[in-house]
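> Need the 3D shape of this:
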Amino acid sequence: MLTSDDTHIIIPSPNVDTRIEELDNVEQWAKVNNLTLNRAKCAEMVIHDSRRKRQLVMPSLNSA
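A predicted model of the protein is given here:
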């Protein structure tokens, strides 16, 4: 199997709760296309607007 490098997933903040499912979809797509997704190398970057009051508490991407 090949590995997929430099894949970016951009998820809008209203959909932050579905990010693990989105990653699952990408992993499934990779398998169908004979690629592997190394979740241990996945990184998450959260861009937060400090003017907003909402607190984001998110589980690790590797917990799924």
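
> And the pLDDT for the residue positioned nearest the centre of the chain?
In the chain, the residue lying closest to the centroid (C-alpha atoms, centre = their mean) is L23, at 4.6 Å. L23 is assigned a pLDDT of 86 by the prediction.

> Roughly how far does M45 sit from N33?
Using C-beta to C-beta, to the nearest Å, M45 is found at 25 Å from N33. Every C-beta, even on glycine, is put in place using the N, C-alpha and C of the backbone.

> Give me the more crowded residue out of the two.
Neighbour comparison, M45 and N33: the larger count goes to N33, with 10 against 6 (by other C-beta atoms under 10 Å).

> For that one, give its distance to V26.
Distance from N33 to V26, counting by C-beta to C-beta: 11 Å.

> all helices of the protein, in order?
19-32 (DSSP state H).

> pLDDT-wise, which helix or strand of it ranks last?
Lowest by mean pLDDT, DSSP states H and E among the helices and strands of the chain is strand 2-3, with a mean of 56.

> T18 contacts I11, correct?
Yes. T18 is in contact with I11 according to C-beta atoms under 8 Å; the separation is 7.1 Å.

> can you name the farthest residue from the center of this protein?
R51 (24.4 Å).
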